[in-house]
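[1] Fold the following.
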Amino acid sequence: MEPSDTRRYRITGIDLWMAIAALVSAILLIFAATQTQAQTFTVIHDFTGGQDGSYPYTGLTIDRAGNLYGTAAFGGFQGNDCNLWGGCGVIFKLTRAGSAWVFSPLYRFKGFPSGDGSEPFGRVIFGPDGSLYGTTVYGGMATQNCGGSQVGCGTVFKLNPPATFCRSVLCSWNETQLYAFHGAPDGAAPEGEIVFDSAGGLYGATDGGGAYSPWGTLFQLTPAHGAWQETVVYNFQEHLDGGGPRGGVVLDRSGNIYGTTWIGGAGNFGTAFQLTNSGSGWALNTLYSFGTGNNAFGNYGSGIFDAAGNYYGGTVNGDPDGDAYVYELSPSSGGWNYSTLYVFPGCYGCGVAANLVMDAAGNLYGTTRGLVQTPDPYGSVFRLTLSGQGWIYTDLHDFTGGSDGEAPYSSVVLDAAGNLYGTTTQGGRYGYGVVWEITR
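    So this is what the prediction gives:
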């Protein structure tokens with residue numbers, strides 16, 4: 001299937017201009033190929049499935065010093081209900097030491113019945129106070145409102161380093177639980193990352209629970225008098241407006257909330273949405289319903305914005321032809337126009353399972369999670385570069401399912417030098433996933 005792109009330029013006129021356009025396109029393709037050959041892929045940590053964690057399902061966060069922070073969904077502490085899952089999850093840090101990296105576990109979740117969280121699937125972020133913030137899918141309070149689960153409906157937490165200096169890489173950071181979900185009516189299973197507004201409020205999404213359980217919620221946490229007050233911003237109703245916002249949310253400069261659902265909506269294959277606050281409450285506007293046309297579906301990321309206010313995302317599943325997409329939604333005359341930027345052919349189930357990332361030059365980076373018996377069996381890392389001929393795809397790495405890992409559900413993060421970092425959920429030396437680096 002040929003991708004459609006509303007931002008392509010149509011060059012008309014004499015043959016000279018056509019020749020110039022073809023020459024420019026060829027030069028760009030040669031440059032992209034040269035750049036690909038110059039990339040070096042390295043595994044910088046192999047998860048063992050023990051105290052360092054296992055199965056990292058999300059991307060990394062980088063600080064100003066170039067240190068990397070991330071989550072492993074399992075591994076770590078083995079007591080309590082963690083035995084059911086092979087550990088309740090780990091928050092970790094990677095620090096560069098010369099040409100090597102030093103791995104430090106910052107916190108190991110203890111799960112239920114300790115009241116602690118378990119299974120951190122979402123990316124951790126830095127808050128305005130310099131603390132690390134994140135979510136866990138399970139843990140917290142014991143309740144029957146999480147699909148009959150007794151292991152809790154999930155938590156929001158923050159981490160701080162020890163008050164006194166520690167010389168060991170094994171020193172645990174201090175965790176504070178900001179909120180524990182109840183399932184109904186406030187939501188359950190927050191899988192995506194959270195985001196802060198300019199006033200210090202915190203926003204996120206739950207994949208389940210809510211007033212119309214199990215279709216999920218959007219929530220706000222507001223600091224007040226040393227505690228955090230939770231407010232349900234929106235309850236999803238599946239067929240009406242989508243369900244299962246897995247990727248968290250993103251805010252624009254005006255404080256409007258954006259995100260995606262992976263199911264429901266007019267086409268029953270998920271939506272891209274916007275919530276605006278009029279002062280008397282939040283109103284939902286569906287920007288696009290997937291499955292209503294010849295397009296892909298299955299959004300696991302929250303989407304990202306460029307400086308002009310255009311919104312970008314990717315789908316993990318394919319259209320009727322099995323093609324997964326990278327897409328753009330552009331505001332136009334009070335509505336939003338959908339454009340396909342790139343097609344992953346025959347990629348039903350093996351497409352983009354995380355947010356894209358845009359660099360200062362406007363290039364898009366992402367990963368595909370891969371799927372056996374598709375053209376992309378183990379996943380990949382890619383770049384999309386906008387030219388006068390459309391978006392040029394560059395394959396930065398194809399995972400082999402061996403020592404380099406497989407199945408990245410990870411967004412990528414770039415350091416100041418333009419090097420890329422991410423994770424894979426499986427593969428590596430021990431089979432529990434890796435942290436990888438692509439250097440120029």
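
[2] Helices along this protein, start to end?
    Ranges of helices in the chain, per DSSP state H, are 15-38.

[3] Residue nearest the middle of it, spatially speaking?
    residue 354 (3.8 Å; CA atoms, centre = their mean).

[4] who's in contact with the closest residue to it other than its chain neighbours?
    Nearest non-adjacent residue to residue 354, counting by CB to CB, 6 or more residues apart in numbering: residue 411, 4.2 Å away. Where C-beta positions appear, they are placed from N, C-alpha and C, glycine not excepted. Contact partners of residue 411, counting by CB atoms under 8 Å, 6 or more residues apart in numbering, are 58-59, 123, 301, 354-357, 366-367, 422.

[5] so where's the chain uncertain?
    Scanning the chain for pLDDT under 70 picks out the ranges 1-38, 144-145, 147-150, 165-170, 293-295.

[6] Distance check, the residue nearest to the centre of the chain against residue 127.
    Residue 354 sits 21 Å away from residue 127 when distances are taken as CB to CB, to the nearest Å.

[7] Now intersect the contacts of residue 411 with the strands, please.
    In this view, the contacts of residue 411 that belong to strands under DSSP state E are 357, 366-367, 422.

[8] Kindly indicate which of those residues lies nearest residue 66.
    residue 422 (15.2 Å; CB to CB).

[9] May I ask you to confirm that residue 188 is in contact with residue 154?
    Yes: under the criterion of CB atoms under 8 Å, residue 188 makes contact with residue 154 at 5.9 Å.

[10] Comparing these two, which residue is more hemmed in?
    residue 154 (33 against 28; other CB atoms under 10 Å).

[11] does the more buried one really touch residue 143, like I thought?
    No: using CB under 8 Å, residue 154 makes no contact with residue 143, being 10.7 Å away.

[12] what's the distance between residue 60 and residue 132?
    Taken as CB to CB, the span from residue 60 to residue 132 is 12 Å.

[13] Quick one, which of the contacts of residue 411 are buried?
    58-59, 123, 301, 354-357, 366-367, 422 (16 or more other CB atoms under 10 Å).

[14] Now render those as a markdown table, adding distance to residue 163.
    Below are those laid out as a markdown table (distance: CB to CB, whole Å):
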| residue | distance to residue 163 |
| --- | --- |
| 58 | 28 |
| 59 | 29 |
| 123 | 26 |
| 301 | 36 |
| 354 | 35 |
| 355 | 34 |
| 356 | 38 |
| 357 | 34 |
| 366 | 39 |
| 367 | 37 |
| 422 | 32 |
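
[15] Of these, just say which sits nearest to residue 211.
    residue 301 (24.9 Å).

[16] Let me see the contact set for that closest one.
    192, 247, 260, 313-314, 352-356, 411.

[17] One more pass at 6 Å, please.
    247, 313, 354-355 (CB atoms under 6 Å, 6 or more residues apart in numbering).

[18] which of the residues you listed lies closest to residue 381?
    So of those, ranked by how close each gets to residue 381 (CB to CB), first place is residue 354, at 11.2 Å.

[19] mind listing what that closest one touches?
    301, 409-411.

[20] Arrange the contacts of residue 301 in JSON lines, one row each, with distance to residue 436 as further columns.
    Below are the contacts of residue 301 laid out as JSON lines (distance: CB to CB, whole Å):
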{"residue": "247", "distance to residue 436": "21"}
{"residue": "313", "distance to residue 436": "23"}
{"residue": "354", "distance to residue 436": "14"}
{"residue": "355", "distance to residue 436": "17"}
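
[21] tell me the two of those residues that are most distant?
    The most distant members of the contacts of residue 301, if one measures by CB to CB, are 313 and 354, lying 10.0 Å apart.

[22] just to revisit the earlier point, from the contacts of residue 301, pick the one nearest residue 439.
    residue 354 (20.8 Å).

[23] From residue 112, how far out is the closest one?
    Counting by CB to CB - residue 354 and residue 112 are separated by 28 Å.

[24] and if you look at residue 221?
    21 Å.

[25] next one: residue 118
    Counting by CB to CB - residue 118 and residue 112 are separated by 7 Å.

[26] ok, now residue 302?
    28 Å.

[27] And the two? Which one has more around it.
    Higher neighbour count among residue 302 and residue 112: residue 302, with 27 against 22, using other CB under 10 Å.

[28] so that one makes contact with residue 258?
    No: Residue 302 is beyond contact range of residue 258, at 7.1 Å (criterion: CB atoms under 6 Å).

[29] Next, show the common contact partners of those two.
    With CB under 6 Å, 6+ apart as the test, residue 302 and residue 258 both reach residue 250.

[30] My understanding was that residue 85 contacts residue 74; is that so?
    Yes: counting by CB under 6 Å, residue 85 does reach residue 74; the two are 5.5 Å apart.

[31] all strands of the stretch 51-200 of the chain, in order?
    Here the stretch 51-200 of the chain has its strands, by DSSP state E, counting those that start in this stretch, at 61-62, 68-72, 90-97, 100-108, 117-118, 125-126, 132-136, 138-139, 155-160, 174-180, 195-196.

[32] got the contact list for the last one?
    The reference is to strand 195-196. Here strand 195-196 has contacts from 127, 202-203, 251, using CB under 6 Å, 6+ apart.

[33] One more: the longest one?
    Outside of strand 100-108, the residues within contact range by CB under 6 Å, 6+ apart are 44-45, 52, 76-77, 90-95, 159, 169, 172-173, 175.

[34] can we see that at 7 Å?
    The contact list for strand 100-108, computed with CB atoms under 7 Å, 6 or more residues apart in numbering, reads 44-45, 51-52, 76-77, 90-95, 159, 169-170, 172-173, 175.
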